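>>> Build the 3D model from these lines:
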Amino acid sequence: MPLPIESYALIGDCHTAALVGCDGSIDWLCFPRFDSPACFAALLGGPEHGRWQIAPAAPIEAVRRRYHSNTLILETVFETAEGRARLIDFMPLSDQRWDLVRIVEGLRGHVALRMELIVRFDYGSIVPWVRRRGRALLITAGPDALALTSSAPMTGKNMKTVADFAVAAGDRESFVLNYRPSHLPMCAGIDAVRALEHTKSAWRRWSRRCKYRSRWREAVVRSLITLKALIYEPSGGIIAAPTTSLPEQPGGVRNWDYRYCWLRDATFTLNALLLAGYAEEATDWREWLLRAVAGTPADLQIVYGVTGVRRLDEYALPWLPGYGGAAPVRVGNAASRQFQLDVYGEVMDTLHLARMSGLHPESAAWHVQLALLEFLESHWEHPDDGIWEVRGPRRHFTHSKVMAWVAFDRAIKDAERDGFEAPVERWCRVRDAIHAQVCEKGFDRDANAFMQAYDLRHLDASLLLIPQVGFLPPDDARVLGTIAAIERGLVVDGLVRRYSTETGVDALPAGEGAFLPCSFWLADAYVLTGRRRQGEALFERLLALSNDVGLLAEEYDPRARRMLGNFPQALTHMALVNTARLLSMPVRQTASASARGERPAAVLRPAGAR
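Below is the predicted model of the structure:
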């Protein structure tokens, strides 16, 4: 049986990331990028598909884990009958090389341990060629090469590399795994302890830049570190999660590859980074966004690769049985070819927020926006695939139309505020037409709530965002009715489902967990509508779902009390930051942002910003 999803922790170097289990096994790692083929894929199969475990040889009596404060350095302490040992895992931050470092330290008694390395390139399908060169093991297959150096003696056994060693109090053994393209010469070794100190200092310098000083700071900083770890440093792109195919339903087929950058997340990302004071990362994200969407507006995608690449063809890996038998295991994402109206609103809202928050302006941005709006003006009345990327037929999804309204609304505000040349009067007419249509066709008077689509009388949690984007004020009776309907129809044990999968709207078998970002959105809705105490209570409930090192997945099964979906999930951690900041803002600032139809970061812009 696989470890529960919540039993994993994340380490990374802002190029790629690994998942480390509470049993000392690294079960997922893609080198050298987030979207590269995995060399450890046991997460989606078994040890034979690649893993790297360091753990006591004797039965483990207790395990405790933590991150070194304000860092992404993981510490796992194992207790056995013979003593106690500490395993430290991290990836040094570097633009020149890729390393994974593991240090074992004796704390008490005398602990025997075993290191077992099984490398299987290309998602567990390729057994590499292993040879020794001095103190290093060279592991090669096709374009990929790893080098393992260790202070403990290593040997090959049954297509594995193993090391049996022991530590007493004060003893230390280290292991360094380096990746390089196989056609390049072997990299020079690094000092594990020195690398640890450098990595610790780098993460703490970054964490000190956080301007969030209110309640829940520890959870907010941990979420921000997680988001930073999911940024592909060379481009500024932020992936949705470092994993693929962790199921949204145990044993089911809702298994998707999330190692890419979604435009859907753009405004949430920018808002979270700006609220915490990370203007550099926010600027990099905006620049990635502009590069990615450049080109013909008709070709705008909802998701891109970390460099902005567009081709993300989806295919299955039949040799992997999937996490807990949830198959197929997918690589790539066919949603990249879907048509979603809401992403036009997300792009426009993001660029508007960047201006409102005082980011240095990008001169090319307005020309991109003009082209996008010209396309949207003739396409907003078309059906689309919706925010949740349903694989059923296209429909007139209400949230999509709302975000089309947002696109024109933000462009009008920018043109009027900054004096950009634009057909503002025409845009105003389009904006008004979209608003009128949504209120007529998307609102069910009998249910007193906005519905998922014009032709579907079903609820959708994305409609909780209506007051956040300024489409209607929070105290509008239709907003209050929609919140009440979602409470009745989509809340399970206090947590929010995206929509009812039993309706068949997504053309997939029914069943998935509560969607954690939507649950944070409900907390936001409570705050915006004056139910601050309920919003805080729900927020505290959501924080309590974090695992022992403060990480959250995409979904949660409230009955089995297990995390579901890809992990850790950027959108969940963005939502956590945004809700914490909303709860910590004075009521007058919250009301001001709401009345102006702005994200909270827009009313907290630096002094002197236009």
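>>> Leu10 versus Cys39, what's the distance?
17 Å (CB to CB, to the nearest Å). All C-beta atoms are positioned from the backbone trio N, CA, C, and that covers glycine.
>>> Please identify which of these two sits among more neighbours.
More crowded of Cys39 and Leu10, by other CB atoms under 10 Å: Cys39, with 30 against 23.
>>> so the more buried one sits right up against Phe31, yeah?
Yes. The pair Cys39 / Phe31 is scored as a contact, 5.7 Å apart, by CB atoms under 8 Å.
>>> Residues in contact with both of those two, list them for me.
144, 146 (CB atoms under 8 Å, 6 or more residues apart in numbering).
>>> leaving aside the residues next to it on the chain, what's closest to Phe420?
Trp366 (5.4 Å; CB to CB, 6 or more residues apart in numbering).
>>> got a pLDDT number for Arg605?
pLDDT, the model's per-residue confidence, is 53 for Arg605.
>>> Now do the top helix by length along the chain, average pLDDT.
Counting by DSSP state H, the longest helix found in the chain is helix 398-418. Throughout helix 398-418, pLDDT has a mean value of 95.
>>> again with stretch 38-48
The model assigns stretch 38-48 a mean pLDDT of 98.
>>> what helices or strands is the strand ranked longest in the chain leaning on?
Criterion DSSP state E: the longest strand present in the chain is strand 98-118. Packing contacts for strand 98-118, counted by 3 or more CB pairs under 8 Å, 6 or more residues apart in numbering; DSSP states H and E, involve strand 51-56, strand 74-80, strand 83-90, strand 160-168, strand 172-181, helix 192-208.
>>> which residues touch whichever helix or strand comes after it?
As assigned by DSSP states H and E, the chain's next helix or strand after strand 98-118 is helix 121-124. Contacts with helix 121-124, where a contact means CB under 8 Å, 6+ apart, come from 37-39, 41-42, 44-45, 48-50, 128, 141-142, 144, 317, 319-320, 329, 331.
>>> If any of the residues you listed are buried, give me the PyMOL selection for them.
Here is the PyMOL command that selects the buried residues among these (16 or more other CB atoms under 10 Å):
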select buried, resi 37+38+39+41+42+44+45+49+50+128+141+144+317+320+329+331
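>>> hang on, the earlier thing: so for the longest strand of the chain, what gets flagged as buried?
98-107, 111, 113, 115-118.
>>> Repeat that for stretch 249-266.
Residues of stretch 249-266 classed as buried: 249-250, 252-266 (neighbour count, 16+ other CB under 10 Å).
>>> Do a quick rundown of the helices in the chain.
Shown for the chain, the helices assigned by DSSP H span residues 121-124, 192-208, 217-229, 266-275, 279-293, 342-356, 365-377, 398-418, 424-441, 477-489, 516-528, 532-543, 570-584, 587-595.
>>> Export these as JSON lines, with columns for distance to Met1.
Shown next, in JSON lines, are these (distance: least, CB to CB, whole Å):
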{"stretch": "helix 121-124", "distance to Met1": "18"}
{"stretch": "helix 192-208", "distance to Met1": "33"}
{"stretch": "helix 217-229", "distance to Met1": "26"}
{"stretch": "helix 266-275", "distance to Met1": "34"}
{"stretch": "helix 279-293", "distance to Met1": "38"}
{"stretch": "helix 342-356", "distance to Met1": "38"}
{"stretch": "helix 365-377", "distance to Met1": "48"}
{"stretch": "helix 398-418", "distance to Met1": "38"}
{"stretch": "helix 424-441", "distance to Met1": "47"}
{"stretch": "helix 477-489", "distance to Met1": "34"}
{"stretch": "helix 516-528", "distance to Met1": "24"}
{"stretch": "helix 532-543", "distance to Met1": "27"}
{"stretch": "helix 570-584", "distance to Met1": "25"}
{"stretch": "helix 587-595", "distance to Met1": "46"}
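>>> just so I know, which of the ones you listed lies nearest Met159?
Closest to Met159 of the helices of the chain, according to CB to CB: helix 121-124, at 12.7 Å.
>>> Quick check: the residue sitting nearest the centre point of the chain vs Arg531, distance?
Residue closest to the mean C-alpha point of the chain, counted by CA atoms, centre = their mean, is Ala570 at 2.1 Å. Distance, Ala570 to Arg531, using CB to CB: 27 Å.
>>> Next up, the contacts around the residue lying closest to Leu373 once chain neighbours are set aside.
In space, and not counting its chain neighbours, Leu373 is closest to Ala411: 5.6 Å by CB to CB, 6+ apart. Ala411 is in contact with 348, 352, 369, 373, 422, 427, counting by CB under 8 Å, 6+ apart.
>>> repeat for Pro181
Each residue near Pro181 by CB under 8 Å, 6+ apart is listed here: 143-145.
>>> Verify the stated contact: Arg215 with Ser584.
Yes. Arg215 is within contact range of Ser584, at 6.2 Å (criterion: CB under 8 Å).
>>> more crowded one of these two?
Ser584 (18 against 13).
>>> Who are the contact partners of Arg217?
By CB under 8 Å, 6+ apart, the residues touching Arg217 are Cys210.
>>> residues in contact with His183?
With contacts defined as CB under 8 Å, 6+ apart, His183 is in contact with Pro143.
>>> State the phi and psi torsions of it.
phi -80, psi -10 (degrees, to the nearest 10).
>>> Point out the other helices and strands that the helix or strand of the chain with the lowest mean pLDDT packs with.
The weakest-scoring helix or strand in the chain, judged by mean pLDDT, DSSP states H and E, is helix 587-595 (a mean of 77). Counting contacts by 3+ CB pairs under 8 Å, 6+ apart, helix 587-595 packs against helix 516-528.
>>> Right, I'll leave it there.
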